[in-house]
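Peer 1: Have a look; sequence and predicted model below, questions after that.
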Amino acid sequence: MKKLVLQVLKSCQFFALARQLTARLPRILMYHNFTRDGEHEPDAVTVTQLRAQFQYLGRHFRVVPLQQIVDRLASGKRPDDGMVAITIDDGRRNCYELLFPLLNEFGFPATFYVVSSLIRGEDWLWTDKVLWLSEQPARPDELSPEKLGILFDQLNRLIPSARNARIHALADATGQTLPSQAPPKYALCSWAELREMADSGLVEIGSHSATHPIFASIGDQESWNELSVSRCEIE
């Protein structure tokens, strides 16, 4: 459904109009996943694609830390034209392996939002568990590539306990036991790797919750705990 809406908006030239109307406003780019050239990963950005995007940003924009945009807005000052901030969600190791070298090369700052319990190795991303199950030979029909989007929409609406139970049921249907640790393809960063990135002066590490729930599915107190516990653990 989302892809259909995007196609309709694109065909109506909505995005071209939006770019004109917001040309002087700062941009915030949100990345999630990266892959090496020649490796096919759904919705992942390859190194070559990332380099081309960074070259474009370098020619047409000024990449600044996200906090700089926040400070400008909080002070009531208008941000400079062409400001753009780079952000990355979730804490996957491919950010350290593939994105971080390019940030160093281009001198671009970025904010990396991580899930603290996953960095500690207590679990791995539930979205990646679903993707891993979809790669198994004996998979149910709802894990087929053309139906994954529907499945993710369904899982997003569930509270964490129901979502996890559904994922384990899918694992049973494939005859697989979910690994307790993320397979290499889905590995998360270590604290040492996050510290190295933070020490570079280019990357700020931010909180992306403690356990990666869908916040619309949990209550206010649970949301507060997710945010505050994660921040304390990162600090």
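Peer 2: Looks like it came in fine.

Peer 1: Starting from whichever strand or helix holds residue 49, tell me the next helix or strand along the chain.
Peer 2: Here residue 49, judged by DSSP states H and E, is contained in helix 47-60. Next helix or strand after helix 47-60 toward the C-terminus (DSSP H and E): strand 62-63.

Peer 1: I'd assumed residue 161 was in contact with residue 211.
Peer 2: No - using Cβ atoms under 8 Å, residue 211 is not in contact with residue 161, being 11.3 Å away. For every residue, glycine as well, the C-beta is placed using N, CA and C.

Peer 1: more crowded one of those two?
Peer 2: residue 211 (18 against 8; other Cβ atoms under 10 Å).

Peer 1: Check the secondary structure at the more buried one for me.
Peer 2: Three-state assignment for residue 211 (DSSP: H, G, I helix; E, B strand; the rest coil): coil.

Peer 1: got a list of what the closest residue to it other than its chain neighbours touches?
Peer 2: Of all residues not flanking residue 211 in the chain, residue 117 sits nearest, at 5.2 Å (Cβ to Cβ, 6 or more residues apart in numbering). Contact analysis of residue 117 by Cβ atoms under 8 Å, 6 or more residues apart in numbering lists 123, 210, 211, 230, 233.

Peer 1: Would you verify that residue 117 is located in a helix?
Peer 2: Yes - Residue 117 sits within a helix when classified using three-state DSSP.

Peer 1: and the gap between it and residue 219?
Peer 2: 19 Å (Cβ to Cβ, to the nearest Å).

Peer 1: Domain boundaries for the protein, per the record?
Peer 2: 20-122+184-235, 126-181 (automatic domain parsing).

Peer 1: Deepest-packed of those domains, please.
Peer 2: domain 20-122+184-235 (a mean of 16; mean count of other Cβ atoms under 10 Å).

Peer 1: any idea of the mean pLDDT for it?
Peer 2: Model confidence over domain 20-122+184-235 averages 93 on the pLDDT scale.

Peer 1: can you tell me the helix or strand for residue 172?
Peer 2: Residue 172 is located in helix 160-174, with elements delineated by DSSP H and E.

Peer 1: Tell me the gap between the helix or strand following that helix and the middle of its chain.
Peer 2: On the C-terminal side of helix 160-174, the nearest following helix or strand under DSSP H and E is helix 191-199. Averaging C-alpha positions (Cα atoms, centre = their mean, to the nearest Å) puts helix 191-199 18 Å from its chain's average.

Peer 1: With only the CA atoms kept, save helix 191-199 in CSV.
Peer 2: Extracted as CSV, the C-alpha positions of helix 191-199 are listed here (Å, rounded to 0.1, in the frame of the first residue of the first chain):
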residue,chain,number,x,y,z
TRP,A,191,30.2,-1.0,22.4
ALA,A,192,33.9,-0.7,21.3
GLU,A,193,32.8,0.0,17.7
LEU,A,194,30.3,2.7,18.8
ARG,A,195,33.0,4.2,21.0
GLU,A,196,35.4,4.3,18.0
MET,A,197,32.9,6.1,15.9
ALA,A,198,32.0,8.6,18.7
ASP,A,199,35.7,9.3,19.3
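
Peer 1: Name the surrounding residues that touch it.
Peer 2: 91, 93, 96, 100, 112, 114, 119, 203, 204, 205.

Peer 1: give me that answer again for 6 Å
Peer 2: Surrounding helix 191-199, the residues in contact under the criterion Cβ atoms under 6 Å, 6 or more residues apart in numbering are 96, 100, 203, 205.
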